[in-house]
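1. Predicted model and sequence follow; I will ask about them next.
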Amino acid sequence: MAVKAKKRTKAKKAKKTKKPARKATASQAKSSAAGKTAKKAIRKTAKRLAKKPAKKAVKKAFGKASVQETAGKQEQGTSASASEWETGAASQPVPETHVEATAWRISPEVSQSVLKVDTWSKGDLKIEYLKVYRTGWIIVDQRPDLAEYNPDEGLSIFEEFEFDQHELYDGSEEASIVPNELPAEERQRLLALSEEELEEEGWTLESVTRFKGPLVVEPV
């Protein structure tokens, strides 16, 4: 009987030694669960830390107030898309600007249509010098009325217009007319005189410049 009692005692002891092993397993499970919870907390913290620098950068660049205003506008839906801006800009009419010309240039359309006639007079005597220019122009402050202009006759620009600017190009003397009643030697002598010399001898000058043929009128 004493032997049996000893066996039971050993069995009880064996059972007692197994219980601590079960407790150890439960504590391990608890520690693993706690580890998972800690990892989740670490991940959330990392995400928050990753987002914070971006917000701080925005605040530094634009200021706290501008960030709040931008966020408010986005929430209210007040920002317009690029296509809406383009449509609005295209729909706005562009004001027309009317610029009136303040000056007009008149010139012959055909070359060799500018004639200059210098007439020297002394009493009943006249000496004429005819000079032809390749082209020329005048500038007037009003558009001319050329409804009655005759291209064959042309017009005297100094008599018909008032202007401050004019230019004649490439002039060449074509002919000179000296009174036939003068002796040949006197005619040759007069043709050889300069303008200053003619004035000294009492001759007076009258000059006429004419545009002939079709004219070109353009704003400048």
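-> It's in. Numbers count the residues shown, from 1 in each chain.

2. Which SSE is immediately downstream of the longest strand seen in the chain?
-> Using DSSP state E to define each element, the chain has its longest strand at strand 125-140. Per DSSP states H and E, strand 125-140 leads on to strand 155-156 as the next helix or strand towards the C-terminus.

3. about what we covered before: the longest strand of the chain pairs with which strands, and in what direction?
-> strand 104-108 (antiparallel), strand 114-122 (antiparallel), strand 165-177 (antiparallel) (DSSP bridges).

4. and the ones you listed, which is most packed in?
-> Most buried of the strands paired with strand 125-140, by mean neighbour count (mean count of other CB atoms under 10 Å): strand 104-108, with a mean of 20. All C-beta atoms are positioned from the backbone trio N, CA, C, and that covers glycine.

5. for this structure, what helix or strand is lowest in average pLDDT?
-> helix 64-76 (a mean of 47; mean pLDDT, DSSP states H and E).

6. What residue spans form the domains of the protein?
-> 2-78, 104-219 (automatic domain parsing).

7. coming back round to it: out of the strands paired with strand 125-140, flag the one nearest Glu185.
-> strand 165-177 (16.0 Å; CB to CB).

8. low pLDDT regions in the protein?
-> 1-101 (pLDDT under 70).

9. Make sure Gly213 is actually in contact with Glu153.
-> No - using CB atoms under 8 Å, Gly213 is not in contact with Glu153; the gap is 10.4 Å.

10. quick one, which of these two is more surrounded?
-> Gly213 (14 against 8; other CB atoms under 10 Å).

11. who's in contact with the more buried one?
-> Residues near Gly213 by CB atoms under 8 Å, 6 or more residues apart in numbering: 108-110, 113, 151, 154.

12. and of those residues, the nearest to His166?
-> Pro108 (12.6 Å).

13. residues contacting the spatially closest residue to the closest one that is not a sequence neighbour?
-> Distance criterion CB to CB, 6 or more residues apart in numbering; nearest residue to Pro108, sequence neighbours excluded, is Phe211 at 5.1 Å. Neighbour list for Phe211: 106-108, 113-114, 136, 154-155, 157 [criterion: CB under 8 Å, 6+ apart].

14. switch the cut-off to 6 Å
-> 108, 154, 157 (CB atoms under 6 Å, 6 or more residues apart in numbering).

15. buried stuff in stretch 196-206?
-> By 16 or more other CB atoms under 10 Å, the buried positions in stretch 196-206 come out as 198, 203.

16. And for stretch 155-163?
-> Buried, per 16+ other CB under 10 Å, within stretch 155-163: 155, 157, 160-161, 163.

17. One more: stretch 128-135?
-> 129, 131, 133, 135.

18. Setting the sequence-adjacent residues aside, check what's closest to the second one.
-> In this structure, Lys131 finds its nearest non-sequential neighbour in Lys116, 4.5 Å apart by CB to CB, 6+ apart.

19. Could you measure from the one you found over to Val178?
-> Distance of Lys116 to Val178, computed by CB to CB, to the nearest Å: 18 Å.

20. thought Leu130 was touching Ser176?
-> No - the criterion here is CB atoms under 6 Å, and Leu130 misses it with Ser176 at 7.2 Å.

21. before we move on, the earlier item: go through the buried residues of stretch 128-135 and say which is closest to Ser121.
-> Tyr129 (12.5 Å).

22. Give the bridge partners for that closest one, please.
-> Under the criterion used (DSSP bridges), Tyr129 bridges to Asp118, Ser176.

23. pretty sure it is in contact with Asp118, am I right?
-> Yes - with contact defined as CB under 6 Å, Tyr129 reaches Asp118; the gap is 4.4 Å.
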